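attaching a predicted model along with its sequence, questions to come.
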Amino acid sequence: MKKILILDRDGVINQDSDAFVKNADEWIPLPGSIEAIAKLYQAGWTLSIATNQSGLARGKFTQADLDAQHAKMLDLIHAAGGDLHAITWCPHGPDEGCRCRKPEPGLLEQISQRLDLDLNGAVMVGDALRDLQAGQAMGCQAVLVRTGKGEKTLAAGEGLEEVLVVADLAELAERLLTGKL
């Protein structure tokens, strides 16, 4: 398995909100997520984020607000001894027909091009079916976390063939680092 991990953001790394995560104060990391990212980075994993951020198109927050959220996240990851290789986001609404909004694979294609990586065999982590579908379209191993919308996704049950289910990002990191994926 390639040591490439692509993460959805809201519900995987930080708390999700049906009212949108609108600013850095509302960006709250899930327990163990920052440490998991740092451990994987230190173990030589290439780490990227692919996140739908339709709140931009809906006027819920600005690009500066999103940049501040990502700065806070990166500050926490750096303080824990980790880093990210790329952060990609889709700023479009669900009806705009773009190629970057998951389940379309456009964000992953951006990561592939930016980092000059073949993502076939990488790991895609999400809490929603659309995250997993975007990864599978690029040949990634799909992993569903139970955090965020994960329990709701699991209860729906469709499209989860060949999907690994873990409690959270910390459990996934432990499994990856001990070769138990």
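That came through, no problem.

now the longest helix that the chain contains: mean pLDDT?
For the chain, the longest helix by residue count, based on DSSP state H, is helix 63-79. Across helix 63-79, pLDDT averages out at 98.

bridging residues for the closest residue to Cys140 other than its chain neighbours?
Of all residues not flanking Cys140 in the chain, Met124 sits nearest, at 3.9 Å (CB to CB, 6 or more residues apart in numbering). C-betas here are computed from N, CA, C, even on glycine. Counting by DSSP bridges, Met124 forms beta bridges with Ile6, Ala142.

make residue 1 into 162 and carry on from there
In the new numbering, first residue 162, that becomes Met285.

so Lys164 touches Leu208, yeah?
No: in this structure, Lys164 is not within contact of Leu208 by CB atoms under 8 Å, at 9.4 Å.

looking at these two, which one has more neighbours?
Leu208 (21 against 14; other CB atoms under 10 Å).

hang on, the earlier thing: for the residue nearest to Cys301, give me its contacts.
For Met285, the contact set (CB atoms under 8 Å, 6 or more residues apart in numbering) comprises 167, 211, 269, 292-293, 295-297, 299, 301-304.

assess the claim that Cys301 and Gly287 are in contact.
No: if you go by CB under 8 Å, Cys301 and Gly287 don't touch, sitting 10.2 Å apart.

just the contacts of Met285 now: which is nearest Ile248?
Ala211 (8.5 Å; CB to CB).

ok, back up a step: tell me the gap between the longest helix of the chain and the middle of its chain.
14 Å (CA atoms, centre = their mean, to the nearest Å).

what's in contact with it?
For helix 224-240, using CB under 8 Å, 6+ apart, the contacting residues are 170, 174-175, 182-185, 187-188, 190, 195, 198-199, 202, 214, 217, 244-245, 248, 250, 252.

this protein: strands as residue ranges?
165-168, 207-213, 247-251, 284-287, 302-306, 324-327 (DSSP state E).

closest to Arg260 out of the ones you listed?
strand 247-251 (9.0 Å).

what's the closest residue to Arg262 other than its chain neighbours in contact with, if anything?
When the adjacent residues along the chain are set aside, Arg262 lies closest to Cys251, with 4.4 Å between them (CB to CB, 6+ apart). Neighbouring residues of Cys251 by CB under 8 Å, 6+ apart: 212-215, 259, 261-263, 267-268.

any chance of a markdown table for these, columns neighbour count and distance to Glu335?
Shown next, in a markdown table, are the contacts of Cys251 (neighbours: other CB atoms under 10 Å; distance: CB to CB, whole Å):
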| residue | neighbour count | distance to Glu335 |
| --- | --- | --- |
| Thr212 | 22 | 23 |
| Asn213 | 25 | 27 |
| Gln214 | 23 | 29 |
| Ser215 | 17 | 32 |
| Cys259 | 14 | 35 |
| Cys261 | 20 | 31 |
| Arg262 | 23 | 31 |
| Lys263 | 24 | 26 |
| Gly267 | 18 | 31 |
| Leu268 | 27 | 26 |
